[in-house]
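Q: The following comprises the amino acid sequence and a computationally predicted model.
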Amino acid sequence: MLLLGLIAQSAVAQSWNCDDFVGTWRFQGDDYSMSAQRTVILQFSADRSFYVDMYHKGSNSEGLEIQTGRWQCYGGLQTMHIETIDGVAVGYTYNYEIMELSPAYFRFRSTPENCYYAGSDCPTTYEYFRQ
């Protein structure tokens with residue numbers, strides 16, 4: 001009984017205010033699979049649309065990718081439905097486990113089903129700071 005109570009208490013403690021995602025965020029870090037430094041500017045809108053500007057630079061490659069789509073947050077997951085990449089229509093969906101979320105910072109990690117499609121190291125934890 002005590003164990004069930006602790007599990008329930010932990011689940012309640014990790015309820016997130018999804019509106020805290022709304023705003024502009026920045027991630028900067030290494031992408032080991034590409035041997036590159038990656039900078040990501042991510043804008044979550046209140047209407048649940050998003051815009052991502054991803055730039056990477058490494059010894060063997062350099063590039064910019066723009067993604068747009070819709071996002072949602074529920075039950076400890078943040079889901080991104082990618083509708084376009086560099087203006088070309090696509091239909092990708094990625095789920096991320098929310099590890100921490102505040103008005104100034106969030107951290108989430110890719111879920112195992114993302115690893116099949118991921119173009120970077122997986123599973124990966126991402127840390128974003130509000131801009």
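A: Sure thing, it's come through.
Q: From now on I want contacts and neighbour counts done on CA atoms only, so please keep to that.
A: Noted.
Q: Pull the contacting residues for the nearest residue in space to residue 108 that is not next to it in sequence.
A: Excluding the flanking residues, the one nearest residue 108 by Cα to Cα, 6 or more residues apart in numbering is residue 98, at 4.5 Å. Taking Cα atoms under 8 Å, 6 or more residues apart in numbering, we find residue 98 in contact with 76, 77, 78, 106, 107, 108, 109.
Q: In strands, which of the residues you listed appear?
A: Mapping the contacts of residue 98 onto strands (DSSP state E) picks out 77, 78, 106, 107, 108, 109.
Q: what bridges to the fifth one?
A: By that I understand residue 108. In this entry, residue 108 is beta-bridged to residue 98, residue 126, by DSSP bridges.
Q: Pretty sure it sits against residue 97.
A: Yes. Using Cα atoms under 8 Å, residue 108 is in contact with residue 97, at 5.4 Å.
Q: Show me which of these two is the more surrounded one.
A: residue 108 (20 against 17; other Cα atoms under 10 Å).
Q: residues in contact with the spatially closest residue to residue 109 that is not a sequence neighbour?
A: Once flanking residues are discounted, residue 109 sits nearest to residue 125: 4.1 Å by Cα to Cα, 6+ apart. Going by Cα under 8 Å, 6+ apart, residue 125 touches 107, 108, 109, 110.
Q: now the contacts of residue 98 in a markdown table, with distance to residue 28 and pLDDT?
A: Converted to a markdown table, the contacts of residue 98 look like this (distance: Cα to Cα, whole Å; pLDDT from 0 to 100):
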| residue | distance to residue 28 | pLDDT |
| --- | --- | --- |
| 76 | 23 | 92 |
| 77 | 22 | 93 |
| 78 | 19 | 94 |
| 106 | 13 | 96 |
| 107 | 13 | 95 |
| 108 | 14 | 92 |
| 109 | 15 | 90 |
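Q: Any regions of this structure where pLDDT drops low?
A: Residue ranges of the chain with pLDDT under 70: 1-15, 32-34, 116-122.
Q: what ranges do the strands span in it?
A: Counting by DSSP E, the strands of the chain are 23-31, 36-44, 49-58, 62-74, 77-85, 88-101, 105-110, 125-130.
Q: Name the stretch from those that approaches residue 16 most closely.
A: strand 88-101 (6.8 Å; Cα to Cα).
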